[in-house]
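any chance you can model this:
(3 chains)
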Amino acid sequence: MNEVNDYVIERKINQLNLGYAECIDADRIEEWPSWFLEDGRYLIQTRENLDKRLDGGYWMYFTNRSMIRDRVTALRHISTYNKHYYRHLVGNARIVGRDEAVYFVRASYLIVQISYEGRTECTHAGEYRDKIVFRDGTPYFKERLVVCDTFHTPSAVVYPL
Amino acid sequence: MNEVNDYVIERKINQLNLGYAECIDADRIEEWPSWFLEDGRYLIQTRENLDKRLDGGYWMYFTNRSMIRDRVTALRHISTYNKHYYRHLVGNARIVGRDEAVYFVRASYLIVQISYEGRTECTHAGEYRDKIVFRDGTPYFKERLVVCDTFHTPSAVVYPL
Amino acid sequence: MNEVNDYVIERKINQLNLGYAECIDADRIEEWPSWFLEDGRYLIQTRENLDKRLDGGYWMYFTNRSMIRDRVTALRHISTYNKHYYRHLVGNARIVGRDEAVYFVRASYLIVQISYEGRTECTHAGEYRDKIVFRDGTPYFKERLVVCDTFHTPSAVVYPL
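Take a look at the predicted model:
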(Lines give C-alpha, C1' and ligand atoms only; values in the text may rest on other atoms or scores of the structure.)
Protein backbone atom coordinates (compact mmCIF):
# COMPACT_ATOMS: atom_id res chain seq x y z
CA MET A 1 0.00 0.00 0.00
CA ASN A 2 1.15 3.52 -0.58
CA GLU A 3 0.63 6.14 2.09
CA VAL A 4 -2.48 7.71 0.62
CA ASN A 5 -4.16 4.29 0.51
CA ASP A 6 -3.11 3.69 4.10
CA TYR A 7 -5.10 6.74 5.17
CA VAL A 8 -8.16 5.66 3.28
CA ILE A 9 -8.07 2.23 4.89
CA GLU A 10 -7.23 3.42 8.39
CA ARG A 11 -9.78 6.19 8.32
CA LYS A 12 -12.52 3.82 7.19
CA ILE A 13 -11.58 1.37 9.93
CA ASN A 14 -11.62 4.13 12.53
CA GLN A 15 -15.07 5.14 11.30
CA LEU A 16 -16.17 1.50 11.50
CA ASN A 17 -15.04 1.41 15.11
CA LEU A 18 -16.89 4.64 15.86
CA GLY A 19 -20.07 3.49 14.16
CA TYR A 20 -19.99 0.19 16.00
CA ALA A 21 -19.57 1.97 19.34
CA GLU A 22 -22.21 4.53 18.54
CA CYS A 23 -25.00 2.06 17.87
CA ILE A 24 -24.36 0.56 21.30
CA ASP A 25 -23.97 3.86 23.14
CA ALA A 26 -27.07 5.33 21.51
CA ASP A 27 -28.97 2.09 22.20
CA ARG A 28 -29.68 1.52 18.53
CA ILE A 29 -28.59 -2.04 19.09
CA GLU A 30 -30.61 -3.29 16.11
CA GLU A 31 -27.86 -1.83 13.89
CA TRP A 32 -25.15 -3.76 15.64
CA PRO A 33 -25.29 -6.93 13.45
CA SER A 34 -25.00 -4.83 10.29
CA TRP A 35 -21.30 -4.20 10.96
CA PHE A 36 -20.58 -7.91 10.49
CA LEU A 37 -20.35 -10.15 7.46
CA GLU A 38 -23.04 -12.82 7.13
CA ASP A 39 -20.49 -15.35 8.43
CA GLY A 40 -18.90 -12.82 10.75
CA ARG A 41 -17.86 -13.87 14.23
CA TYR A 42 -18.19 -12.00 17.50
CA LEU A 43 -16.25 -13.30 20.47
CA ILE A 44 -15.53 -12.02 23.93
CA GLN A 45 -12.74 -13.62 25.86
CA THR A 46 -10.77 -12.49 28.88
CA ARG A 47 -7.14 -11.69 28.48
CA GLU A 48 -6.38 -13.89 31.45
CA ASN A 49 -7.75 -16.93 29.60
CA LEU A 50 -6.02 -16.02 26.35
CA ASP A 51 -2.69 -15.50 28.09
CA LYS A 52 -2.98 -18.93 29.65
CA ARG A 53 -4.08 -20.44 26.32
CA LEU A 54 -7.36 -21.57 27.84
CA ASP A 55 -9.77 -21.73 24.97
CA GLY A 56 -12.98 -21.96 26.98
CA GLY A 57 -14.88 -19.44 28.98
CA TYR A 58 -15.94 -17.10 26.20
CA TRP A 59 -18.40 -14.53 27.47
CA MET A 60 -20.01 -14.44 24.05
CA TYR A 61 -19.34 -16.77 21.14
CA PHE A 62 -21.30 -16.02 17.99
CA THR A 63 -20.12 -17.51 14.72
CA ASN A 64 -22.47 -15.85 12.25
CA ARG A 65 -24.70 -12.84 11.88
CA SER A 66 -27.86 -14.76 12.76
CA MET A 67 -26.46 -15.55 16.19
CA ILE A 68 -25.52 -11.92 16.56
CA ARG A 69 -29.07 -10.92 15.63
CA ASP A 70 -30.40 -13.38 18.19
CA ARG A 71 -28.55 -11.49 20.87
CA VAL A 72 -30.34 -8.32 19.86
CA THR A 73 -33.69 -10.10 20.08
CA ALA A 74 -32.77 -11.41 23.51
CA LEU A 75 -31.73 -7.95 24.68
CA ARG A 76 -34.93 -6.35 23.43
CA HIS A 77 -37.52 -8.99 24.16
CA ILE A 78 -36.29 -11.74 26.44
CA SER A 79 -33.58 -10.87 28.93
CA THR A 80 -34.21 -8.84 32.05
CA TYR A 81 -31.35 -6.68 33.19
CA ASN A 82 -30.52 -3.45 34.85
CA LYS A 83 -30.32 -0.71 32.24
CA HIS A 84 -27.37 1.62 31.87
CA TYR A 85 -25.99 4.13 29.51
CA TYR A 86 -22.73 3.09 27.93
CA ARG A 87 -19.97 5.21 26.48
CA HIS A 88 -17.10 3.77 24.46
CA LEU A 89 -13.81 5.51 24.02
CA VAL A 90 -11.90 3.75 21.25
CA GLY A 91 -8.30 4.51 20.43
CA ASN A 92 -7.01 4.79 16.88
CA ALA A 93 -6.74 1.58 14.92
CA ARG A 94 -3.43 -0.11 14.28
CA ILE A 95 -3.22 -2.33 11.22
CA VAL A 96 -0.91 -5.11 12.42
CA GLY A 97 -1.04 -7.38 9.41
CA ARG A 98 -2.79 -8.39 6.25
CA ASP A 99 -3.63 -11.66 4.57
CA GLU A 100 -4.90 -10.95 1.07
CA ALA A 101 -8.23 -9.21 1.57
CA VAL A 102 -8.24 -9.52 5.38
CA TYR A 103 -6.82 -6.75 7.53
CA PHE A 104 -5.73 -7.63 11.06
CA VAL A 105 -6.43 -4.62 13.19
CA ARG A 106 -6.21 -3.74 16.86
CA ALA A 107 -7.58 -0.90 18.92
CA SER A 108 -7.80 -0.23 22.64
CA TYR A 109 -11.13 0.53 24.21
CA LEU A 110 -12.43 1.87 27.46
CA ILE A 111 -16.10 1.56 28.32
CA VAL A 112 -17.78 3.53 31.02
CA GLN A 113 -21.18 2.65 32.36
CA ILE A 114 -23.56 5.29 33.62
CA SER A 115 -26.24 4.04 35.97
CA TYR A 116 -29.77 5.33 35.72
CA GLU A 117 -29.02 7.17 38.93
CA GLY A 118 -26.47 9.02 36.79
CA ARG A 119 -23.22 7.81 38.23
CA THR A 120 -20.25 7.14 35.97
CA GLU A 121 -18.11 4.08 36.45
CA CYS A 122 -15.17 2.94 34.37
CA THR A 123 -16.14 -0.69 33.94
CA HIS A 124 -14.30 -2.19 31.00
CA ALA A 125 -10.92 -1.89 29.38
CA GLY A 126 -9.39 -4.06 26.71
CA GLU A 127 -8.44 -4.48 23.11
CA TYR A 128 -10.36 -5.21 19.96
CA ARG A 129 -8.56 -7.74 17.76
CA ASP A 130 -10.35 -7.63 14.46
CA LYS A 131 -10.31 -9.25 11.07
CA ILE A 132 -11.76 -6.75 8.65
CA VAL A 133 -12.66 -7.06 4.99
CA PHE A 134 -13.99 -4.51 2.53
CA ARG A 135 -17.09 -4.97 0.40
CA ASP A 136 -17.58 -2.27 -2.25
CA GLY A 137 -15.29 0.02 -0.30
CA THR A 138 -17.07 -0.48 3.04
CA PRO A 139 -15.37 -2.32 5.90
CA TYR A 140 -17.05 -5.16 7.78
CA PHE A 141 -16.03 -7.42 10.62
CA LYS A 142 -15.13 -10.89 9.52
CA GLU A 143 -14.28 -11.35 13.18
CA ARG A 144 -14.25 -9.13 16.22
CA LEU A 145 -12.50 -10.70 19.17
CA VAL A 146 -12.94 -8.56 22.28
CA VAL A 147 -10.10 -9.21 24.67
CA CYS A 148 -11.07 -7.98 28.13
CA ASP A 149 -8.39 -6.78 30.49
CA THR A 150 -11.25 -6.51 32.94
CA PHE A 151 -12.52 -9.89 34.01
CA HIS A 152 -14.18 -8.99 37.26
CA THR A 153 -17.14 -6.82 36.33
CA PRO A 154 -19.55 -5.11 38.68
CA SER A 155 -22.48 -6.64 36.77
CA ALA A 156 -23.15 -9.23 34.08
CA VAL A 157 -22.15 -8.35 30.52
CA VAL A 158 -25.44 -8.23 28.66
CA TYR A 159 -24.71 -5.67 25.97
CA PRO A 160 -21.88 -6.30 23.55
CA LEU A 161 -18.59 -4.60 24.39
CA MET B 1 -16.87 15.55 -0.98
CA ASN B 2 -14.11 13.39 -2.29
CA GLU B 3 -12.00 11.34 0.07
CA VAL B 4 -9.04 13.71 0.23
CA ASN B 5 -11.37 16.57 1.19
CA ASP B 6 -12.93 14.35 3.82
CA TYR B 7 -9.57 13.99 5.52
CA VAL B 8 -8.93 17.70 5.46
CA ILE B 9 -12.31 18.39 7.05
CA GLU B 10 -12.19 15.59 9.60
CA ARG B 11 -8.64 16.32 10.59
CA LYS B 12 -9.40 19.99 11.14
CA ILE B 13 -12.44 19.10 13.22
CA ASN B 14 -10.40 16.68 15.30
CA GLN B 15 -7.86 19.43 15.86
CA LEU B 16 -10.67 21.81 16.84
CA ASN B 17 -11.83 19.27 19.44
CA LEU B 18 -8.31 18.89 20.75
CA GLY B 19 -7.71 22.62 20.93
CA TYR B 20 -11.00 23.16 22.72
CA ALA B 21 -10.16 20.48 25.28
CA GLU B 22 -6.63 21.70 25.72
CA CYS B 23 -7.54 25.26 26.70
CA ILE B 24 -9.74 23.84 29.46
CA ASP B 25 -7.27 21.19 30.62
CA ALA B 26 -4.38 23.66 30.63
CA ASP B 27 -6.58 26.22 32.40
CA ARG B 28 -6.16 28.75 29.61
CA ILE B 29 -9.89 29.24 29.82
CA GLU B 30 -9.65 32.74 28.32
CA GLU B 31 -9.13 31.07 24.93
CA TRP B 32 -12.29 29.03 25.23
CA PRO B 33 -14.68 31.59 23.62
CA SER B 34 -12.40 31.92 20.59
CA TRP B 35 -13.50 28.48 19.32
CA PHE B 36 -17.04 29.82 18.81
CA LEU B 37 -18.62 32.07 16.20
CA GLU B 38 -19.81 35.48 17.44
CA ASP B 39 -23.36 34.05 17.49
CA GLY B 40 -22.16 30.61 18.52
CA ARG B 41 -24.12 28.65 21.10
CA TYR B 42 -22.87 26.54 23.97
CA LEU B 43 -25.35 24.26 25.66
CA ILE B 44 -25.10 21.49 28.23
CA GLN B 45 -28.04 19.17 28.63
CA THR B 46 -28.33 15.75 30.19
CA ARG B 47 -29.08 12.81 27.97
CA GLU B 48 -31.87 11.83 30.34
CA ASN B 49 -33.70 15.10 29.63
CA LEU B 50 -33.07 14.91 25.90
CA ASP B 51 -34.29 11.32 25.71
CA LYS B 52 -37.51 12.34 27.46
CA ARG B 53 -37.83 15.42 25.23
CA LEU B 54 -37.70 17.71 28.23
CA ASP B 55 -36.35 20.97 26.94
CA GLY B 56 -35.55 22.55 30.30
CA GLY B 57 -32.83 21.92 32.81
CA TYR B 58 -29.84 23.02 30.76
CA TRP B 59 -26.74 23.12 32.90
CA MET B 60 -25.40 25.91 30.71
CA TYR B 61 -27.25 27.82 28.03
CA PHE B 62 -25.24 30.45 26.23
CA THR B 63 -26.50 31.78 22.90
CA ASN B 64 -23.62 33.98 21.81
CA ARG B 65 -19.94 34.49 22.39
CA SER B 66 -20.48 37.35 24.84
CA MET B 67 -22.36 35.03 27.17
CA ILE B 68 -19.57 32.52 26.77
CA ARG B 69 -17.04 35.21 27.65
CA ASP B 70 -19.10 36.12 30.71
CA ARG B 71 -18.64 32.60 31.98
CA VAL B 72 -14.90 33.03 31.78
CA THR B 73 -15.12 36.27 33.76
CA ALA B 74 -17.25 34.54 36.37
CA LEU B 75 -14.80 31.64 36.61
CA ARG B 76 -11.82 33.94 37.00
CA HIS B 77 -13.19 36.76 39.11
CA ILE B 78 -16.55 36.00 40.67
CA SER B 79 -17.33 32.36 41.41
CA THR B 80 -15.80 30.49 44.30
CA TYR B 81 -15.25 26.81 43.73
CA ASN B 82 -13.00 23.93 44.53
CA LYS B 83 -10.19 23.79 41.98
CA HIS B 84 -9.30 20.67 40.04
CA TYR B 85 -7.24 19.62 37.13
CA TYR B 86 -9.26 18.36 34.22
CA ARG B 87 -8.28 15.99 31.45
CA HIS B 88 -10.43 15.39 28.38
CA LEU B 89 -10.20 12.31 26.24
CA VAL B 90 -12.11 12.97 23.02
CA GLY B 91 -12.83 10.27 20.47
CA ASN B 92 -12.49 10.82 16.75
CA ALA B 93 -15.13 12.98 15.14
CA ARG B 94 -17.92 11.50 13.06
CA ILE B 95 -19.48 13.78 10.46
CA VAL B 96 -23.11 12.68 10.54
CA GLY B 97 -24.59 15.22 8.15
CA ARG B 98 -24.21 18.50 6.35
CA ASP B 99 -26.50 21.38 5.54
CA GLU B 100 -24.72 23.67 3.08
CA ALA B 101 -21.85 25.19 5.04
CA VAL B 102 -22.77 23.56 8.36
CA TYR B 103 -21.28 20.22 9.35
CA PHE B 104 -23.11 18.12 11.91
CA VAL B 105 -20.49 16.31 13.92
CA ARG B 106 -20.42 14.02 16.92
CA ALA B 107 -17.67 12.84 19.20
CA SER B 108 -17.61 10.94 22.48
CA TYR B 109 -15.80 12.43 25.44
CA LEU B 110 -14.59 11.27 28.79
CA ILE B 111 -13.48 13.79 31.38
CA VAL B 112 -11.47 12.93 34.42
CA GLN B 113 -11.05 15.27 37.30
CA ILE B 114 -7.90 15.32 39.40
CA SER B 115 -8.27 16.81 42.83
CA TYR B 116 -5.60 19.05 44.32
CA GLU B 117 -4.84 16.14 46.57
CA GLY B 118 -3.90 14.39 43.33
CA ARG B 119 -6.58 11.75 43.03
CA THR B 120 -8.06 10.87 39.66
CA GLU B 121 -11.76 10.38 39.22
CA CYS B 122 -13.63 9.63 36.06
CA THR B 123 -16.39 12.20 36.42
CA HIS B 124 -18.02 12.85 33.07
CA ALA B 125 -18.91 10.91 29.96
CA GLY B 126 -21.05 11.94 27.05
CA GLU B 127 -21.21 13.13 23.49
CA TYR B 128 -20.52 16.40 21.76
CA ARG B 129 -23.16 17.18 19.13
CA ASP B 130 -21.76 20.05 17.15
CA LYS B 131 -22.63 22.35 14.31
CA ILE B 132 -19.39 23.45 12.76
CA VAL B 133 -18.68 26.01 10.06
CA PHE B 134 -15.43 27.02 8.40
CA ARG B 135 -14.19 30.60 8.11
CA ASP B 136 -11.11 31.00 5.88
CA GLY B 137 -10.38 27.32 6.28
CA THR B 138 -10.63 27.34 10.09
CA PRO B 139 -13.47 25.50 11.86
CA TYR B 140 -15.61 27.18 14.52
CA PHE B 141 -18.53 26.08 16.63
CA LYS B 142 -21.81 27.47 15.48
CA GLU B 143 -23.21 25.31 18.24
CA ARG B 144 -21.76 22.86 20.70
CA LEU B 145 -24.39 20.84 22.52
CA VAL B 146 -22.81 18.76 25.26
CA VAL B 147 -25.00 15.77 25.99
CA CYS B 148 -24.06 14.31 29.37
CA ASP B 149 -24.51 10.64 30.01
CA THR B 150 -23.49 11.54 33.53
CA PHE B 151 -26.14 13.51 35.33
CA HIS B 152 -25.19 12.82 38.88
CA THR B 153 -21.87 14.56 39.41
CA PRO B 154 -19.70 14.49 42.50
CA SER B 155 -19.52 18.30 42.41
CA ALA B 156 -21.12 21.25 40.62
CA VAL B 157 -20.15 21.78 36.98
CA VAL B 158 -18.36 25.12 36.98
CA TYR B 159 -15.94 24.69 34.12
CA PRO B 160 -17.26 23.96 30.64
CA LEU B 161 -17.28 20.32 29.64
CA MET C 1 4.27 21.94 5.37
CA ASN C 2 1.39 21.45 3.04
CA GLU C 3 -1.70 19.60 4.18
CA VAL C 4 -0.84 16.22 2.69
CA ASN C 5 2.51 16.27 4.47
CA ASP C 6 0.73 17.22 7.68
CA TYR C 7 -1.26 14.01 7.53
CA VAL C 8 1.79 11.89 6.91
CA ILE C 9 3.53 13.41 9.90
CA GLU C 10 0.53 13.37 12.24
CA ARG C 11 -0.46 9.88 11.30
CA LYS C 12 3.04 8.57 11.89
CA ILE C 13 3.16 10.30 15.26
CA ASN C 14 -0.21 8.84 16.23
CA GLN C 15 1.07 5.41 15.26
CA LEU C 16 4.21 6.03 17.33
CA ASN C 17 2.01 6.83 20.32
CA LEU C 18 -0.04 3.69 19.77
CA GLY C 19 3.02 1.50 19.36
CA TYR C 20 4.58 2.90 22.50
CA ALA C 21 1.39 2.26 24.48
CA GLU C 22 0.95 -1.18 23.02
CA CYS C 23 4.34 -2.52 24.06
CA ILE C 24 3.53 -1.53 27.65
CA ASP C 25 -0.07 -2.78 27.62
CA ALA C 26 0.93 -6.09 26.04
CA ASP C 27 3.85 -6.39 28.47
CA ARG C 28 6.38 -6.51 25.67
CA ILE C 29 8.35 -3.99 27.66
CA GLU C 30 11.63 -5.04 25.99
CA GLU C 31 10.48 -3.08 22.93
CA TRP C 32 9.93 0.09 24.89
CA PRO C 33 13.49 1.50 24.51
CA SER C 34 13.33 1.07 20.74
CA TRP C 35 10.97 4.04 20.41
CA PHE C 36 13.73 6.37 21.63
CA LEU C 37 16.83 7.79 20.01
CA GLU C 38 20.17 6.61 21.42
CA ASP C 39 20.39 9.92 23.31
CA GLY C 40 16.64 10.06 23.87
CA ARG C 41 15.28 11.21 27.20
CA TYR C 42 12.38 9.85 29.22
CA LEU C 43 11.09 11.96 32.07
CA ILE C 44 8.08 11.79 34.36
CA GLN C 45 7.18 14.87 36.32
CA THR C 46 3.99 15.89 38.07
CA ARG C 47 2.05 18.80 36.72
CA GLU C 48 1.95 20.27 40.21
CA ASN C 49 5.75 20.54 40.27
CA LEU C 50 5.95 21.88 36.74
CA ASP C 51 3.30 24.52 37.42
CA LYS C 52 5.25 25.69 40.45
CA ARG C 53 8.49 25.58 38.46
CA LEU C 54 9.98 23.06 40.85
CA ASP C 55 12.57 21.19 38.87
CA GLY C 56 13.07 18.27 41.25
CA GLY C 57 10.95 15.33 42.12
CA TYR C 58 11.02 13.52 38.78
CA TRP C 59 9.47 10.08 39.09
CA MET C 60 11.76 8.86 36.34
CA TYR C 61 14.69 10.70 34.81
CA PHE C 62 16.48 8.83 32.06
CA THR C 63 18.75 10.77 29.71
CA ASN C 64 19.68 8.09 27.19
CA ARG C 65 18.51 4.80 25.84
CA SER C 66 20.87 2.77 28.03
CA MET C 67 19.21 4.15 31.15
CA ILE C 68 15.86 3.34 29.60
CA ARG C 69 17.06 -0.21 28.91
CA ASP C 70 18.22 -0.47 32.52
CA ARG C 71 14.67 0.14 33.61
CA VAL C 72 13.52 -2.80 31.57
CA THR C 73 16.16 -5.01 33.16
CA ALA C 74 15.07 -3.86 36.60
CA LEU C 75 11.43 -4.56 35.81
CA ARG C 76 12.18 -8.02 34.50
CA HIS C 77 14.90 -9.22 36.80
CA ILE C 78 15.36 -7.07 39.88
CA SER C 79 12.32 -5.21 41.16
CA THR C 80 9.51 -6.90 43.04
CA TYR C 81 6.11 -5.39 42.52
CA ASN C 82 2.46 -6.19 42.31
CA LYS C 83 1.59 -7.07 38.71
CA HIS C 84 -1.25 -5.42 36.82
CA TYR C 85 -2.59 -5.16 33.35
CA TYR C 86 -2.37 -1.66 31.93
CA ARG C 87 -4.43 -0.06 29.22
CA HIS C 88 -3.54 3.30 27.65
CA LEU C 89 -6.02 5.51 25.91
CA VAL C 90 -4.09 8.18 24.03
CA GLY C 91 -5.77 11.14 22.37
CA ASN C 92 -4.79 12.37 18.93
CA ALA C 93 -1.48 14.18 18.69
CA ARG C 94 -1.27 17.94 18.37
CA ILE C 95 1.86 19.32 16.72
CA VAL C 96 2.39 22.54 18.66
CA GLY C 97 5.67 23.66 17.15
CA ARG C 98 8.73 22.76 15.18
CA ASP C 99 12.39 23.60 15.40
CA GLU C 100 14.11 22.38 12.24
CA ALA C 101 13.93 18.59 12.42
CA VAL C 102 12.30 18.46 15.87
CA TYR C 103 8.54 18.35 16.21
CA PHE C 104 7.00 19.46 19.49
CA VAL C 105 3.95 17.33 20.04
CA ARG C 106 1.38 16.90 22.77
CA ALA C 107 -1.23 14.26 23.46
CA SER C 108 -3.49 13.51 26.40
CA TYR C 109 -3.44 10.10 27.98
CA LEU C 110 -5.53 8.12 30.37
CA ILE C 111 -4.18 4.91 31.88
CA VAL C 112 -6.31 2.33 33.58
CA GLN C 113 -4.86 -0.39 35.71
CA ILE C 114 -6.50 -3.78 35.97
CA SER C 115 -5.58 -5.79 39.03
CA TYR C 116 -4.97 -9.51 38.81
CA GLU C 117 -8.26 -9.86 40.60
CA GLY C 118 -9.68 -8.27 37.45
CA ARG C 119 -10.86 -4.91 38.70
CA THR C 120 -10.46 -1.81 36.57
CA GLU C 121 -9.28 1.44 38.06
CA CYS C 122 -8.60 4.68 36.30
CA THR C 123 -5.24 5.46 37.80
CA HIS C 124 -3.40 7.99 35.66
CA ALA C 125 -4.25 11.00 33.55
CA GLY C 126 -1.94 13.52 32.01
CA GLU C 127 -0.20 14.81 28.92
CA TYR C 128 2.71 13.64 26.86
CA ARG C 129 4.96 16.53 25.83
CA ASP C 130 7.25 15.12 23.22
CA LYS C 131 10.15 16.09 21.03
CA ILE C 132 10.05 13.87 18.01
CA VAL C 133 12.47 13.45 15.14
CA PHE C 134 12.31 11.31 12.02
CA ARG C 135 15.04 8.90 10.90
CA ASP C 136 14.47 7.43 7.40
CA GLY C 137 10.80 8.31 7.66
CA THR C 138 10.29 6.70 11.08
CA PRO C 139 9.55 8.85 14.14
CA TYR C 140 11.50 8.49 17.40
CA PHE C 141 11.37 10.19 20.75
CA LYS C 142 14.19 12.63 21.26
CA GLU C 143 12.38 13.35 24.51
CA ARG C 144 9.16 12.17 26.10
CA LEU C 145 8.16 14.24 29.11
CA VAL C 146 5.19 12.66 30.85
CA VAL C 147 3.30 15.33 32.78
CA CYS C 148 1.06 13.67 35.35
CA ASP C 149 -2.14 15.35 36.38
CA THR C 150 -2.36 12.51 38.86
CA PHE C 151 0.22 12.81 41.61
CA HIS C 152 -1.39 10.71 44.26
CA THR C 153 -1.32 7.17 42.95
CA PRO C 154 -2.80 4.07 44.57
CA SER C 155 0.53 2.29 44.12
CA ALA C 156 4.13 3.03 43.15
CA VAL C 157 4.83 3.78 39.48
CA VAL C 158 7.02 0.92 38.35
CA TYR C 159 6.10 0.61 34.69
CA PRO C 160 6.60 3.58 32.41
CA LEU C 161 3.52 5.70 31.79
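
now chain A against chain C: closest residue?
A:His152 (3.0 Å; CB to the nearest CB). C-betas here are computed from N, CA, C, even on glycine.

for the residue lying closest to A:Asp130 once chain neighbours are set aside, give me its contacts.
Nearest non-adjacent residue to A:Asp130, counting by CB to CB, 6 or more residues apart in numbering or on different chains: A:Val105, 4.6 Å away. By CB atoms under 8 Å, 6 or more residues apart in numbering or on different chains, the contact set of A:Val105 is A:Ile13, A:Ala93, A:Arg94, A:Ile95, A:Val96, A:Tyr128, A:Arg129, A:Asp130, A:Lys131, A:Ile132.

backbone dihedrals for A:Lys83, both of them.
With angles defined as degrees, to the nearest 10, A:Lys83 sits at phi -80, psi 150.

could you check how far the residue nearest to A:Asp130 is from C:Asp130?
25 Å (CB to CB, to the nearest Å).

quick check: residues of chain A near chain B?
A:7-8, A:11, A:14-15, A:18-19, A:21-22, A:25, A:85, A:87-90, A:92, A:110, A:112, A:114, A:117-122 (CB under 8 Å from any CB of the partner chain).

got a ChimeraX select line for the buried ones in the residues you listed?
Command for ChimeraX that selects the buried part of the residues of chain A next to chain B, burial taken from 16 or more other CB atoms under 10 Å in any protein chain shown:
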select /A:7,11,14,15,18,21,22,25,85,87,88,89,90,92,110,112,114,118,120,121,122
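
assign the residue of chain A found nearest chain B to helix, strand or coil.
Across chain A, no residue is closer to chain B than A:Gly118, which sits at 3.0 Å (CB to the nearest CB). Assigned state for A:Gly118: coil (three-state reduction, DSSP: H, G, I helix; E, B strand; the rest coil).

mind listing what it touches?
A:Gly118 makes contact with B:Thr46, B:Glu48, B:Thr150, B:Phe151, B:His152, B:Thr153, according to CB under 8 Å, 6+ apart.

and if we set it to 6 Å?
Counting by CB atoms under 6 Å, 6 or more residues apart in numbering or on different chains, A:Gly118 makes contact with B:Phe151, B:His152.

wasn't A:Leu18 part of a helix?
Yes - assignment of A:Leu18 by three-state DSSP places it within a helix.

A:Glu121: what's its closest spatial neighbour, skipping adjacent residues?
For A:Glu121, ignoring the flanking residues on the chain, the nearest one in space by CB to CB, 6+ apart is A:Gln113 at 5.3 Å.

which positions in the helix or strand where that neighbour lies come out as buried?
Using DSSP states H and E, A:Gln113 sits within strand A:102-115. Under the neighbour-count criterion of 16+ other CB under 10 Å, strand A:102-115 has A:Tyr103, A:Val105, A:Arg106, A:Ala107, A:Ser108, A:Tyr109, A:Leu110, A:Ile111, A:Val112, A:Gln113, A:Ile114, A:Ser115 buried.

check stretch A:24-36 too.
In stretch A:24-36, counting by 16+ other CB under 10 Å, buried: A:Ile24, A:Asp25, A:Trp32, A:Pro33, A:Trp35, A:Phe36.

so which of those residues belong to strands?
A:Phe36 (DSSP state E).

want to try CSV for the buried residues of stretch A:24-36, with pLDDT and distance to C:His77 as columns?
CSV is the format used below for these (pLDDT from 0 to 100; distance: CB to CB, whole Å):
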residue, pLDDT, distance to C:His77
A:Ile24, 96, 43
A:Asp25, 96, 44
A:Trp32, 97, 46
A:Pro33, 97, 48
A:Trp35, 97, 44
A:Phe36, 98, 44
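
okay, and the beta partners of the residue nearest to A:Asp130?
Residues in a beta bridge with A:Val105, per DSSP bridges, are A:Ile95, A:Asp130.

and if you look at A:Cys148?
Going by DSSP bridges, A:Cys148 forms beta bridges with A:Thr46, A:Gly126.

what about it, neighbour count?
27 (other CB atoms under 10 Å in any protein chain shown).

that one and A:Gly126 touch, don't they?
Yes - using CB atoms under 6 Å as the test, A:Cys148 is close enough to A:Gly126 to be in contact (4.4 Å).

hang on, the earlier thing: how about the contacts of A:Val105, which pair is most distant?
Based on CB to CB, the longest span within the contacts of A:Val105 runs between A:Arg94 and A:Lys131 and measures 13.9 Å.

quick one: stretch A:48-68 near chain C?
No - counting by CB under 6 Å from any CB of the partner chain, chain C has no neighbours in stretch A:48-68; the shortest distance is 7.3 Å.

start to end distance for that stretch?
Here the two ends of stretch A:48-68 are set 24 Å apart, with distance taken as CA to CA, to the nearest Å.

got the residues of chain A near chain C?
Going by CB under 6 Å from any CB, the residues of chain A near chain C are A:3, A:89, A:91-92, A:94, A:108, A:110, A:122, A:125, A:149-152.

which stretches of chain A have low pLDDT?
A:1-4 (pLDDT under 70).

mind listing what A:Tyr42 touches?
So A:Tyr42 contacts A:Phe62, A:Ile68, A:Arg144 (CB under 6 Å, 6+ apart).

out of those, who has the most neighbours?
Comparing the contacts of A:Tyr42 by number of neighbours (other CB under 10 Å), A:Arg144 comes first, having 25 neighbours.

tabulate the contacts of A:Tyr42 (CSV), appending secondary structure and distance to B:Tyr42.
Shown next, in CSV, are those (DSSP: H, G, I helix; E, B strand; the rest coil; distance: CB to CB, whole Å):
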residue, secondary structure, distance to B:Tyr42
A:Phe62, strand, 42
A:Ile68, helix, 39
A:Arg144, strand, 37
